[in-house]
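Enquirer: when you get a sec, could you give me coordinates for this:
(4 chains)
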Amino acid sequence: MHYIYCPHCEEYREEEEFHAAGEAHIARPLDPEACTDAEWADFLYFRTNSRGLHHELWVHATGCRKFFNMTRDTVTYEIKEVYKVGEQPQVTADQ
Amino acid sequence: MTQKNRLQSGGRVDRSTPLTFSYNGKQYTGYKGDTVASALLANGVDIIGRSFKYSRPRGIVAAGPEEPNAVLQVGATEATQVPNVRATQQELFNGLVCESTNGWPNADFDVMSYIGKAGGSMLTPGFYYKTFMYPQSMWETYEKFIRKAAGLGRSPLENDPDFYDHLNQHADVMIVGAGPAGLAAALSAGRSGARVILADEQSEFGGSLLNSRELIEGRPATEWVASVVAELSELDNVLLLPRSTVNGYHDHNFLTIHQRLTDHVADKAPAGQARQRMHRVRAKWVVLAAGAHERPLVFGNNDVPGCMVASAVSTYINRYGVAPGQDLVVMTTNDFAYQTALDWADSGRNVVAIVDTRPNPNGDRVAAAEKRGLRVIKGAAVIEVQGSKRVSGVSIASIDAKGDKVVGSVERLSCDTVASSGGWSPVVHLSCHTGSRPEWRDDIIGFVPGKTVQKQLTAGGINGSYSLKACLEEGARQGAEAATNAGFEVAAAAVPAVAEVKEGAAMALFHIPHTKPTSRAPKQFVDFQNDVTAAGIELATREGFESIEHVKRYTAMGFGTDQGKLGNINGMAIAAKSTNRTIPETGTTVFRPNYTPITFGAIAGRHCGERFDPKRYSSMHKWHLENGCTFEDVGQWKRPWYFPKAGESMQDALNRECKATRESVGILDASTLGKIDIQGKDAREFLGRVYTNAWAKLAVGKCRYGLMCGEDGMVFDDGVTSALGENHFIMTTTTGGAARVLEWLELYHQTEWPELEVYFNTVTDQWSTMTISGPNARNLLAELTDDIDLSNDNFKFMDWKEGSVAGVPARVFRISFTGELSYEINVQANYGLYVWEKLFEKGAKYDLTPYGTETMHILRAEKGFIIAGQDTDGSVHPYDLGMGWCVSNKKPFSYIGKRGMAREDCVKPNRKQLVGLKTKDPSVVLPEGAQAVKDPNQPIPMTMLGHVTSSYWSANLNRSIAMGFVRGGLERMGESVFYPLADGRVVEAEICSPIFLDPKGERQNV
Amino acid sequence: MQRYSGFGLIKHALSYHENWQRVWRNPKPKKKYDVVIVGGGGHGLATAYYLAKEHNVTNIAVIEKGYLGGGNTARNTTIVRSNYLWDEAAHLYEHAMKLWEGLSQDLNYNVMFSQRGVLNLGHTLQDMRDIERRVNANRLNGIDGEVLDAKQVSEIVPIMDCSANARYPVMGASWQPRAGVARHDAVAWGFARAADALGVDLIQQCEVTDILTEDGAAIGVETKQHGTIKADRIGCVVAGNSGVLAKMAGFRLPLESHPLQALVSEPIKPILDTVVMSNHVHGYVSQSDKGDLVIGAGIDGYNGYGQRGSYHTIEHTVQAIVEMFPIFSRVRMNRQWGGIVDTCPDACPIISATPVENLFFNCGWGTGGFKATPGSGNVFAATLAKGEAHELAKPFSMFRFNDGSLIDEHGAAGVAH
Amino acid sequence: MSEVVAPEKEAAVKVAVMNQLPGQEPRAESPLHHADLETVAKKGPKQGGVYLQELKLLGHLVLRGSVDNAEFMSGAEKVLGVALPSALQSAEAGDLSVRWISPDEWLVIVPGAKAFKLERELRDAMGGHFAIVNVSGGQTVLTLSGPNAEEVLKKTTPYDVHPSNFPVGKVITSTFSKTQAVIRRTGDESFELVIRRSFADYAWLWLQDACAEYGLVVRG
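Expert: Residues are numbered from 1 along each chain as shown, chains lettered A, B, ... in the order given. Prediction:
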């Protein structure tokens, strides 16, 4: 039962206020027509699905309705950091 | 009936307040302060139930949540039945009614026991898996008997008359357990000013101190408890929760507490009171002070009533003033149980012997017992119990130093009670809930909480610290540390003086050897509730079930309602020994929530019945109710479905509504459609990216229909969006899709295209929307507006105008989902009902007819308009729907869905495509969901071409109409397909255009 | 293999059960196998069994990092049904159903497959349309099923609230009589015992740390406890951990692993003798032979390998159960737990070759893998034996996500099951 | 209707601003109109642990804009008489109050009749990229007060409403039972809830049930 710091509301909120929105940093190809079917599928469906550190997108659904990123351990469920959309994670697996 | 085992004095029961209760139909008396278990023991009740596999008589063995046998059906009425209540935890109240859960005709005399005795030798672990296989057809029959034999209590058959409650709590320090350690922790933390919650499952605080005769500062420990509780209750930053079990410990220090508010008062909660309450706690720091459970030893016939856990015997004597027998034999591997012998002796009963498995025990309690002249037999053990419905004696024998085998001769002692102690198991349960694995410690012969990522501290028995002094010190220290960590600097509370007791070393012994091998010795029980024996565990390992998880699953050890609190460690020890491994090598035992079982109703809380899920209403709902509307659930909304008049069938009503709309004018409450206000200079660009069609040239004052797809190119929503201004649009969505579409827009704006200047706001609830549709729509509207020129030239189809309707400022959209001349009137919701009623005032002369979703569906189907979610299923793109006209691939930006619908499989020929369907027999209405085939006579499995998505009787066309998917359908106009139905009929239908009425669309343009 | 029977049980009772043989050996792994199957859950063990039984490939190892059947096999709610919507899925699950129907005898191990029927409730008009569509498709595919109205439903489950004043009244249901439940542990043990008897090496407590490849082809696995184990073909059947193994082999899968929770009540006397599922109020329940009400919770939205989920998911599920069965309000929840489910975007599995030659994956069963156990193992065995997908497995290639030929079973998959 | 901007009159209208209020005659009905709280108030108890009142038919304006947009921020302050508050804060000026909703969103509440005029003034005073949406008909305000009001909120929202975390003036949007609400502490024992219209009946149903044990006093 996660306790999540919303970087926009700037305080901790209960998980019930949030939705997980999948893996973070999956940018929409700038020129979709230039993508092969396989490349498009990679954007659309294929995921790293990390066991351990995972960068993911959440939305403060019943709060400020803003999306933000989170680095979370998918085994211990520890939240290592939250950061705004457009920012890069400080905590990464290769550290 | 006299309470023959009740002592003249002593204990915490109130002898001046007798309580009567019934057990298995007999009346008994107990006292205020009793549990059902202590009252039954006081009354000399030995047999509390029957074991489910062997149907052996069972008695009470423990005094707390670890009790495996005393599991009763409680409840005076059908509606208030509660199955599987632990007698050791149920406080006695006047009029309580309880029964044994197993045993027929009754627990005392039980026929099954003979079958148990006869068949018992076959009921080994896994016997289910090894038999009942032949003949195959018989299994269902066998299973009925197996199911009957299983299960404990029964569910009530009437609805629960009580209600339950939730409270969200936030604490700086959450302390679990109000024994010496927990109380000391609460003192430290409480004095710091931190928000503290102290919860304990028992009716009063004090934990083990309530059961012992230890002194604190020279006075009875309970006096110290009282003084601490008094101080804590003075602090308004401290919340004290008795009768409150912390049943679950979840990630990020979220804990659930199950508080029993009225179960000690009566079956049914007093009027207006919640029966139980769940506290949902988010704690900065947690102190686990849950203590430890004593382990019984595993020996022959150790389940005969009269065999108890040593500390439980002391508890019944010291806390309840009950000595559950006359002649006691104590068997122990440690010093603690000597106290039980002393308690027993001091209660005036006879201690036959203390049988100590250690060759030369030393320690203060041993000395005290010997000083008191009690017989202590060293290096020996009780290898077997005599008696069936009550202990009548024991066989004891010397055992070797390792406790592996019997050495020397067997002596018999007669007694009626056997108290055994194999040492203590810390209550590590909660610490396991978040995935932390307990660690074995040889010095305390038990598991303690393992490493955790939670902000958790532990104090007292849970750490294997069993002396009162250690508990108090650890509690005070950890309470202070928790508060300090939570930001409240504080020193540990001073610890009161207690006598130090010297403990001799305990012996690591779990399974008492017998003169015979385990497989042939009398049954030696490990898990009483599931009838798991030492022989069973050895058999499991012999068969190759070596992982402790396999052993548990194969034997069912630990799967009972006590979750193996007494048995698991003994079982692991036996499994370890029989596979020549140490206990830690064998594995650990990980506990999951709940610590003890929790009422479903309490978990559900108030979210039941009409509060299960919100019902959303439009401003006109009251009118709908008053006008006999039948409603349809659409998402959380209650939408008008149809408006039957007296005596009308549904079809009658629909026919009337449909005709009235096409012939005069009908009205629909369309308020539930999602509405999103879009402002910003890039609004147009944004629309162009999320809709499949073009938006660049939509003039202010105009409306346009749009399709929304996912990146996979599949349609997921649709609706009309109107240009209110150059930089201002209002988008409509499906009723069910509103929230999803808004989040979709926000997702793309916030993550992909933040540079676009646009804001989205929901205005679904802001506007009441009423659609008047039909040839008389204009005439009706004209009577209510004087500032809108409704002429066809000025106010064209797909225009919107602002003006007043019935004197209320309105936005009127000339859009049509029925194909008729239609106006969608939007007014601020505060005026919705007013305008609606005005429309009916003026509408009378046009026979203005209210219609609901069903007529709307029929009318739009006559026009071949789709309903997203009914005619789409997430696997169809616009071209499959024959809606290529709604796709613009000239747009510079690659809108969402464009690439997806260009994938190989999406452009291949012969996909399933949406077409109209005319049954050959116009009177036959195809069932929605019917599957099409080319040749109805082909063998099964048949090749299916697609299914019927929408199908109705059209009163206007006086025939049935349908839409559905047919493989390659758009190229197969005029061909026939066949629908083999469940009732054997085969319906032939012709593929046609889905536009059944007014193909040129003239009616909406008049 | 020591044959099991009622008579045998009596015989053993007379000898104090001292002569029962091991159900499986504890072999030391060989250096090389024809086929190595990674993952000793139900699907992996079934794969090994059918490889040995139907394809005469017996030089097989099943490598399990924990204990046999200790993953989702041990954690699911044991529902078995085959009433899926799309032909591809329906044929696959029906293939499994037919195998279930003789499984106890085939394995000489009672998996307690109990065909007590499954109800999928409908609470809205769209639910009922979807049910009609699915049942019609099932019927023409040769799968038993019928559409029931609310009255018929309440006759089958009189203790359920089928009244009109429920928040979401029951409008009807689909009913598959041949569906039911089975004893999950027994399925794994039965397949393991039978596979072992056919010579399959079951290697427990052996964790794969790498997949060894040589110019684009898999040649074996590296293990923590037993070093290198070579193989001509490798089949990965590791459910929630599929992504981890794919990473070792250097590719990604269209999967995300989520926590899926379940819970049981205390054992009570028989009161519910069928399986009831509701997508709309989001709960489903059956009663085990032990008497527990076995209840499945919804899937948690975030990725998780922790074998535990969030409490409010449990709350919502219990609310749904109390909404459907108000009389259970005073019954008590005994235990809850979680599994790791590997979910595909179209709620259908992947049974497929991979970008790495000789490496095959069987995964993506999401919340519904148990019911497919024998069928999954059976078609995957054929796939591994021939090196190309079994006819029934072809539509479930991982490459369907490239061309877009998904098999969207979200409707039929519905709630976690 | 003189102030109405009819699109066809002003060719290049950027945003359609509309006075949604009629004259006196048409009857307005708040989201809880059907519950007839006036009668409940008359008939019901006068003393209890929780006091509930609907502040109906107020003017609700949603302001959207970036804090980096000086014209937006200063324009708002000029017209409102207070600066737009920062995260989780609220501000008041006379009969006007403003709540932070999200980093680019604020909710202004004024007497119903003032909403349109205020929107006009704000639009005139602001520049750059911003949005204003009149949601007066889409939501309503409930006040919850009394010695047990905080306890009722603890049953209703997982948010920590203890004064140490939720002091007077603080405003949050959070889960409200199974819907959501904007919750503001207006006093030691008083709170303001902003509820969406279509959920108002559910909120009313919920509050009646959750307040029962303390005694609910409805104020008309």
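
Enquirer: now B:G25: how far from chain C?
Expert: According to C-beta to the nearest C-beta, to the nearest Å, B:G25 and chain C sit 19 Å apart. To be clear about C-beta, it is placed using only N, CA and C from the backbone, and glycine gets the same treatment.

Enquirer: now do the strands in chain A.
Expert: Using DSSP state E, the strands found in chain A span residues A:3-6, A:11-14, A:19-23, A:53-59, A:67-73, A:79-84.

Enquirer: partner strands of the second one, with direction?
Expert: Meaning strand A:11-14. Strand A:11-14 has its sheet partners listed here by DSSP bridges as strand A:3-6 (antiparallel).

Enquirer: what does the strand it pairs with rub up against?
Expert: A:11-15, A:17-18, A:58, A:60, A:63-64, A:66, A:68, A:70, A:79, A:82, B:252-254, B:282 (C-beta atoms under 8 Å, 6 or more residues apart in numbering or on different chains).

Enquirer: please apply the same query to stretch B:317-327.
Expert: Contacts of stretch B:317-327 (C-beta under 8 Å, 6+ apart): B:3, B:5-7, B:9-13, B:15, B:33-35, B:38, B:41-42, B:60, B:63, B:210-213, B:306, B:308, B:313, B:316, B:343-344, B:347-352, B:391, B:414-417.

Enquirer: can we see that at 6 Å?
Expert: By C-beta atoms under 6 Å, 6 or more residues apart in numbering or on different chains, the surrounding residues in contact with stretch B:317-327 are B:5-7, B:10-13, B:38, B:41-42, B:210-211, B:213, B:316, B:343, B:347, B:349-350, B:352, B:415-417.

Enquirer: from those, keep the buried residues only.
Expert: Among those, the ones that count as buried by 16 or more other C-beta atoms under 10 Å in any protein chain shown are B:5-7, B:10-13, B:38, B:41-42, B:210-211, B:213, B:316, B:343, B:347, B:349, B:352, B:415-417.

Enquirer: hmm, B:S804 and B:V812 touching each other?
Expert: No: between B:V812 and B:S804 there is no contact under C-beta atoms under 6 Å: 9.7 Å.

Enquirer: can you give the contact residues for stretch D:83-102?
Expert: Residues from elsewhere that reach stretch D:83-102 (C-beta under 6 Å, 6+ apart): A:10, A:64-65, D:76-77, D:81-82, D:106-111, D:169-171, D:184.

Enquirer: which ones among the residues you listed map onto helices?
Expert: Those of the contacts of stretch D:83-102 mapping onto helices are D:76-77, per DSSP state H.

Enquirer: where does the stretch 301-417 of chain C have low pLDDT?
Expert: For the stretch 301-417 of chain C, applying pLDDT under 70 flags the ranges C:411-417.

Enquirer: apart from its neighbours in sequence, what residue is nearest the residue of it at minimum distance from chain D?
Expert: Nearest to chain D in the stretch 301-417 of chain C, going by C-beta to the nearest C-beta, is C:H312, at a distance of 8.7 Å. The shortest distance from C:H312 to any non-neighbouring residue, by C-beta to C-beta, 6 or more residues apart in numbering or on different chains, is to A:E16 (5.3 Å).

Enquirer: quick one: secondary structure of the closest residue to chain D within the stretch 301-450 of chain B?
Expert: Evaluated by C-beta to the nearest C-beta, the stretch 301-450 of chain B has B:T434 as its residue closest to chain D, separated by 18.9 Å. Secondary structure, DSSP: H, G, I helix; E, B strand; the rest coil: B:T434 is coil.

Enquirer: hmm, it is touching B:Q454, no?
Expert: Yes: judged on C-beta under 6 Å, B:T434 makes contact with B:Q454 at a distance of 5.5 Å.

Enquirer: thinking again about what came up before, among the buried ones among the contacts of stretch B:317-327, name the ones in helices.
Expert: B:38, B:41-42, B:316, B:343.

Enquirer: so which two of the residues you listed are the farthest from each other?
Expert: Maximum pairwise distance in these, criterion C-beta to C-beta, is 15.9 Å, between B:A42 and B:D343.

Enquirer: surely B:R639 is within a helix?
Expert: No: counting by three-state DSSP, B:R639 is not found in a helix; it is strand.

Enquirer: check what pLDDT it gets.
Expert: B:R639 is assigned 98 on the pLDDT scale.

Enquirer: who's in contact with C:L392?
Expert: By C-beta under 6 Å, 6+ apart, the neighbours of C:L392 are C:91-92, C:95, C:379.

Enquirer: without its sequence neighbours, what residue ends up closest to the residue of the stretch 51-200 of chain B found nearest chain D?
Expert: Nearest residue of the stretch 51-200 of chain B to chain D: B:H170, at 3.9 Å (C-beta to the nearest C-beta). Nearest residue to B:H170, sequence neighbours excluded (C-beta to C-beta, 6+ apart): D:D160, at 3.9 Å.

Enquirer: how many other residues sit next to the one you found?
Expert: Look at D:D160: counted by other C-beta atoms under 10 Å in any protein chain shown, it has 20 neighbours.

Enquirer: need the buried ones from the contacts of strand A:3-6 selected in ChimeraX.
Expert: Here is the ChimeraX command that selects the buried residues among these (16+ other C-beta under 10 Å):
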select /A:11,12,13,14,15,17,18,58,60,63,64,66,68,70,79,82 /B:252,253,254,282
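
Enquirer: circling back to that earlier point, where's the residue of the stretch 51-200 of chain B closest to chain D, which helix or strand?
Expert: In this assignment (DSSP states H and E), B:H170 forms part of strand B:164-176.

Enquirer: next SSE downstream of the lowest-mean-pLDDT helix or strand in chain B?
Expert: Within chain B, no helix or strand scores below helix B:112-120, which has a mean of 65 by mean pLDDT, DSSP states H and E. Using DSSP H and E, the next helix or strand after helix B:112-120 towards the C-terminus is helix B:127-130.

Enquirer: buried residues in the helix or strand following that following helix?
Expert: The C-terminal neighbour of helix B:127-130 among helices and strands, as given by DSSP H and E, is helix B:139-149. Within helix B:139-149, the residues scored as buried using 16+ other C-beta under 10 Å are B:139, B:143, B:146-147, B:149.
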